[in-house]
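Engineer: Sequence first, predicted coordinates after that:
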Amino acid sequence: RFATEVAHEAATKRNKNTFTKSRVLVDHLISRHNVVGEGLLQMVCDIPFVAADPVTETLLTVCPALGATMNGEVPFVAFQGAVFNDYEDIVWTKAHLLPGWADPRFRQYNSDCPHGVNIEQYCNSFVSQLQIVKKPSVNLVVSHCKNICIHFECKNKMETTSPRERSAVMAVMESIYSFLQDNATTDNEAKSLLEITPCILVEEGRRFILPSQAVLEFYESLEIKPYLYKLPPKFGKFQLLFEYLGCSKAVGATHYAMVLEMLQKSCRIDKLHQNEVRMCSKAVKGFFARLQDNPHEALAICNLYLPATFPEYLYLPPKFPGTLSSDKPLKKIPVTLHKSTELVFNDVPAYGPRIARLNIRFMLELSLMNVRPKSAMTNYEELMLKLPAHLQPVMLSSVVKEKLTNGAIVTSGAVNALTTRLLSAQFVRGIIRIIRHVDSQKKQFDEGIALDIENGLRNIELCAVESLKTSLFHNGQLISGSEEDVPFFQE
């Protein structure tokens, strides 16, 4: 009854005497003879008559405490669910703290335990009956961690944090990481929550990122802030924890794909600003470097976002003299990010200005983003074909066709002589010798190949055409302005 009265007074009209009554009642419970054996502790454990231990001011700059009020009053709490204040920095937003004067462990020699009973066992029973949390659970600490991360990030967006606040949050996160590294390695629920929580502190306490955005072994010069970071050296001792949560030891294609996806979500369909273009170029360059080293890494990627623009910005003659249209500086080209499968890759560079009025999005030329094939034997088209089929852009040659639109066939001695040469036995034997040389490892040569070559050459028809013109067609529709005189054409 007395405990209920103190709790009611604390909730309605507290004063200095309320705090005194709280301490007197706690002192009485601790010193009461064999209180563990009479069942009283179970009756009062859930009554909020204990004045909680105030959270230190430094921690409050990081995040408000559980039950915090506008006027900063100390809450009165129950023993049940309260945590010893030893664990203050890893629970204060999710649990009330028990003050030292209400901690049975520190006052066990004030206890009036029965004769012959071990004092330590008596104290443990006292704590258990009051349902005090002896050690925070992993889930409790993870929930507290999430509170801090979300609150600090929201606060960061509204105002610049002070060095004191950044120092405080770094110290708090170090305590949380230490606890989790020692205790969280078997808790799948906690792991699942932390994997999707921005809980890795970077930029000297200025920002939280997801575990998937941190790389353990990474050059700072390769960071793409605010999307991809090297793990701060200060937290290197928690490497096992971070690997468990999803941080990678080394950077991979999936990291760069993640950066491009996050950048796309930030910009949507808007044109990228210059700083965003730089980040985009850095991510694209890194992605294709990893793709060349290990194409299998890209198999795990569901969606790949790549920089795009319209062909008019790539292939119309430049407005500044002395440069080719393909040499336009990147800052002059409006760039957006789109799914790779929605873009067209120009695998027929010869079309150039003829496709400038084609109103479809092209993948930005890789050379503009400093992507270079690592082998002299590889061109950009072959590099693009290293992508898994589900990520490949549409090839221009598959949707745009060149067709003959004008030209009159004329007699030409040179064409007649070339036709005769192609059909000669000597030419056929020359081609066969080349094939035999290339396939020299084969013991037997298929003589049927000679007949196939001869028949193939007979099917070649050469014509000399005067005023030869072709036009380009996109899905059967003529592309405006694509007609052009050409020196040759193959149907």
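Structural biologist: Yep, that arrived. Residues are numbered from 1 along each chain as shown.
Engineer: residue contacts, the residue lying farthest from the centre of the chain?
Structural biologist: Distance from the C-alpha centroid of the chain peaks at G413, with 65.2 Å (CA atoms, centre = their mean). Applying CB atoms under 8 Å, 6 or more residues apart in numbering to G413 gives no contacts. From N, CA and C alone the C-beta is placed, and that goes for glycine too.
Engineer: Now the phi/psi pair for it, please.
Structural biologist: Main-chain torsions, G413, degrees, to the nearest 10: phi -60, psi -40.
Engineer: T336 too?
Structural biologist: phi -130, psi 170.
Engineer: does it have beta-bridge partners, and which?
Structural biologist: Beta-bridge pairing of T336 under DSSP bridges involves A308.
Engineer: That one: how many residues sit nearby?
Structural biologist: For T336, the neighbour count with other CB atoms under 10 Å is 19.
Engineer: heads up, I number from 784, so please use that
Structural biologist: All set: I'll call the first residue 784, so the last point we hit is now T1119.
Engineer: Against Y1096, how distant is it?
Structural biologist: 11 Å (CB to CB, to the nearest Å).
Engineer: and what of T801?
Structural biologist: 73 Å.
Engineer: So K1184, which state does it fall into?
Structural biologist: What DSSP: H, G, I helix; E, B strand; the rest coil gives for K1184 is strand.
Engineer: what's near enough to touch it?
Structural biologist: L1255, F1256.
Engineer: Could you rerun that using 6 Å?
Structural biologist: F1256 (CB atoms under 6 Å, 6 or more residues apart in numbering).
Engineer: Could you tell me the per-residue confidence at it?
Structural biologist: Per-residue pLDDT puts K1184 at 93.
Engineer: what bridges to it?
Structural biologist: F1256.
Engineer: before we move on, back to that, what about T801 and Y1096, which has more around it?
Structural biologist: Using other CB under 10 Å as the criterion, T801 and Y1096 rank with T801 on top: 20 against 16.
Engineer: give the contact list for that one.
Structural biologist: E792, A793.
Engineer: Doesn't it lie inside a helix?
Structural biologist: Yes. According to three-state DSSP, T801 belongs to a helix.
Engineer: I'd like to know the average pLDDT value across stretch 1172-1180.
Structural biologist: 96.
Engineer: do the same with stretch 1147-1158
Structural biologist: For stretch 1147-1158, the mean per-residue pLDDT is 91.
Engineer: ends of it, how far apart?
Structural biologist: 21 Å (CA to CA, to the nearest Å).
Engineer: Could you pull out the buried residues of that stretch?
Structural biologist: L1147, E1148, L1149, L1151, M1152, V1154 (16 or more other CB atoms under 10 Å).
Engineer: now swap in stretch 932-945 and tell me
Structural biologist: Quick answer for stretch 932-945 (16+ other CB under 10 Å): C932, F935, K938, N939, T944.
Engineer: Any chance of the residues you listed in JSON lines with secondary structure and pLDDT as columns?
Structural biologist: Shown next, in JSON lines, are these (DSSP: H, G, I helix; E, B strand; the rest coil; pLDDT from 0 to 100):
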{"residue": "C932", "secondary structure": "helix", "pLDDT": "95"}
{"residue": "F935", "secondary structure": "helix", "pLDDT": "88"}
{"residue": "K938", "secondary structure": "helix", "pLDDT": "80"}
{"residue": "N939", "secondary structure": "helix", "pLDDT": "77"}
{"residue": "T944", "secondary structure": "coil", "pLDDT": "83"}
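Engineer: V845: which of those residues is nearest?
Structural biologist: Proximity of the buried residues of stretch 932-945 to V845 (CB to CB) peaks at F935, which lies at 6.4 Å.
Engineer: Give the closest residue to that closest one in space, chain neighbours not counted.
Structural biologist: V952 (5.9 Å; CB to CB, 6 or more residues apart in numbering).
Engineer: give the contact list for that neighbour.
Structural biologist: Listed by CB under 6 Å, 6+ apart, the contact partners of V952 are V845, F935, G988.
Engineer: could you redo the last one with a cut-off of 10 Å?
Structural biologist: 841-842, 844-846, 931-932, 935, 938-939, 944, 984, 988-989, 991 (CB atoms under 10 Å, 6 or more residues apart in numbering).
Engineer: residues near S961, how many?
Structural biologist: Counted with other CB under 10 Å, S961 comes out at 14.
Engineer: mean confidence score for the stretch of helix or strand it belongs to?
Structural biologist: Assessed by DSSP states H and E, S961 sits inside helix 946-966. In this model, helix 946-966 has a mean pLDDT of 94.
Engineer: Check stretch 898-907 too.
Structural biologist: 83.
Engineer: now do stretch 825-835
Structural biologist: 93.
Engineer: What of stretch 787-806?
Structural biologist: Stretch 787-806 comes out at a mean pLDDT of 91.
Engineer: ok, now how distant is the residue farthest from the centre of the chain from T1203?
Structural biologist: From G1196 to T1203 the distance is 11 Å (CB to CB).
Engineer: quick one: low-confidence parts of the stretch 1034-1183 of the chain?
Structural biologist: For the stretch 1034-1183 of the chain, the stretches flagged by pLDDT under 70 are 1099-1111.
Engineer: redo that, cut-off 50
Structural biologist: Scanning the stretch 1034-1183 of the chain with the threshold set as pLDDT under 50 gives 1102-1109.
Engineer: next one: the stretch 884-1033 of the chain
Structural biologist: For the stretch 884-1033 of the chain, no range has pLDDT under 50.
Engineer: give me that answer again for 80
Structural biologist: Per-residue confidence for the stretch 884-1033 of the chain (pLDDT under 80) gives these ranges: 890-900, 939-943, 967-970.
Engineer: can you pull out the helices in the stretch 884-1033 of the chain?
Structural biologist: 902-913, 921-941, 946-966, 971-978, 1022-1028 (DSSP state H, counting those that start in this stretch).
Engineer: now those in TSV, with distance to I1007?
Structural biologist: Below are these laid out as TSV (distance: least, CB to CB, whole Å):
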stretch	distance to I1007
helix 902-913	50
helix 921-941	19
helix 946-966	22
helix 971-978	21
helix 1022-1028	19
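Engineer: Out of these, flag the one nearest C1063.
Structural biologist: Going by CB to CB, the one of the helices of the stretch 884-1033 of the chain nearest C1063 is helix 921-941, 22.9 Å.
Engineer: so how far is the closest one off the chain centroid?
Structural biologist: Put simply, helix 921-941 sits 19 Å off its chain's centre (CA atoms, centre = their mean, to the nearest Å).
Engineer: Can you report how many residues lie near the residue lying closest to C1063 once chain neighbours are set aside?
Structural biologist: Nearest residue to C1063, sequence neighbours excluded (CB to CB, 6+ apart): P1090, at 5.4 Å. Using other CB under 10 Å, P1090 is surrounded by 28 other residues.
Engineer: Could you measure from P1090 over to P1078?
Structural biologist: The value you get for P1090 to P1078, if CB to CB is used, is 21 Å.
Engineer: Which parts of the stretch 1034-1183 of the chain are helices?
Structural biologist: Using DSSP H, counting those that start in this stretch, the helices of the stretch 1034-1183 of the chain run over residues 1036-1050, 1057-1076, 1094-1098, 1163-1167, 1179-1182.
Engineer: Let's have the ones you listed in TSV, adding distance to I830.
Structural biologist: Below are the helices of the stretch 1034-1183 of the chain laid out as TSV (distance: least, CB to CB, whole Å):
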stretch	distance to I830
helix 1036-1050	49
helix 1057-1076	56
helix 1094-1098	72
helix 1163-1167	70
helix 1179-1182	75
